[in-house]
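J.: structure for the following, please:
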Amino acid sequence: MPEDGSHRRQTVHGYVRSEIADALTRGQLAPGDMLKVSHVARRFGVSRTPVYRAMHEMVQAGVLRDIGTGRFVVPDLNGVEPTRAIAKPAVWQDPGQGPANPRPRAKPLWDVLFKTVQREIAETTPFGSCFIIGATLASVHNVSRTVARDILARLQQAGIVRKDGDGRWVTVALTDRRLGDIYEIRQHLEPLALRRAFPFLSGPEIDAERAAVDACLAKFPAIDGAVLDAREDFLHVHCMEKGDNIELIALLRQTRLPLISNHAMFERILAIKPEIEFLQDHAAILTALSDRAIDVASAALSRHLERSADTYRQRMARLCQSAVPQLPEYLELVRSD
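T.: Alright, predicted model coming up:
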């Protein structure tokens, strides 16, 4: 799929470099701390190659010093190499040895890349099913096959991919029938999920989201599709995940394919701009939540989902008439004989 400004892919070595730089800025890494390439690679679940590249770039920038045999050290403020290779226990030691200090672990790399791969796959589902070549997926995103399998397992939980009878990973096509089934489930379950989540939604987060929606209304129709997708994510994902019914949340996670890159996809491929009713619906639901009127909010959400189902199906019909976009290298369209 072609990339646009709102969906730039972060390289693996760039991610590792930014995490190290962030640790230095926050004081989690200090002069004398040593980083071993093998330990950092295990920490992020990647191969050593991108770690080496990230660290050598930081050496060139004067941020780290290469002391050989896959070891790098944080120099002192004057850029002088410490008198010992390890002046103190390394903060980023091998995860299997336990933390040297009780500091938060970095987010796993598969979690960082998940949304990118999820979007790439979701945008192909209206055009049919595709075989997923796992080794190529790992290569394209410069990660290990273990990380690629973790991503696919999570996509399977979301109903976006599955395994066929031969054990091959396959994307699940978003047909008109399936889209109708998804919206039928959402129309029944999301209002209930909102009721269950209501006691756990804070006033400040609701007010902040209402302000974000108001900002979109003020700029309408000059709004980026990715910004609108973020509004969808707050209401239909964030709010629903706040509830205490774990089984209900698990069911709804299987229905989120239409929410992935929704507005951004239609804007990019079909140049379709959003309808103002979408934002007005969100504003009405948030206002009711802010007023602690859950019956009003639930009813407004039900009407919003009914309207959204009709709009999405109309757009999908147009999308399916367009040419199949260029697929990511790791996808192969399933041909029907």
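
J.: switch to C-alpha atoms for all contacts and neighbour counts from now on
T.: Will do.

J.: contacts made by the lowest-mean-pLDDT helix or strand in the chain with the rest, please.
T.: Every helix and strand in the chain was compared by mean pLDDT, DSSP states H and E; the lowest is helix 262-270, with a mean of 76. Contact with helix 262-270 is made by 123, 224, 225, 226, 228, 229, 272, 273, 274, 315, 319, as judged by CA atoms under 8 Å, 6 or more residues apart in numbering.

J.: report the next helix or strand after it in sequence order.
T.: helix 276-290 (DSSP states H and E).

J.: list the buried residues in that following helix.
T.: 278, 279, 281, 282, 283, 284, 285, 286, 287, 288, 289, 290 (16 or more other CA atoms under 10 Å).

J.: check stretch 38-50 too.
T.: Of the residues in stretch 38-50, 38, 39, 40, 41, 43, 44, 45, 46, 47, 48, 50 count as buried by neighbour count, 16+ other CA under 10 Å.

J.: may I see the residues you listed organised as CSV, with secondary structure and distance to residue 128 added?
T.: Output for the buried residues of stretch 38-50, formatted as CSV (DSSP: H, G, I helix; E, B strand; the rest coil; distance: CA to CA, whole Å):
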residue, secondary structure, distance to residue 128
38, helix, 41
39, helix, 41
40, helix, 39
41, helix, 36
43, helix, 37
44, helix, 33
45, coil, 32
46, coil, 31
47, coil, 33
48, helix, 36
50, helix, 34
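
J.: residue 204: which of these is nearest?
T.: residue 44 (33.9 Å; CA to CA).

J.: how far away is that closest one from residue 37?
T.: 11 Å (CA to CA, to the nearest Å).

J.: one more: residue 28?
T.: Counting by CA to CA - residue 28 and residue 37 are separated by 17 Å.

J.: please say which of these two ends up with more neighbours.
T.: Under the criterion of other CA atoms under 10 Å, the comparison of residue 28 against residue 37 puts residue 37 first, with 22 against 16.

J.: give me the pLDDT for the more buried one.
T.: At residue 37, the pLDDT value in this model is 89.
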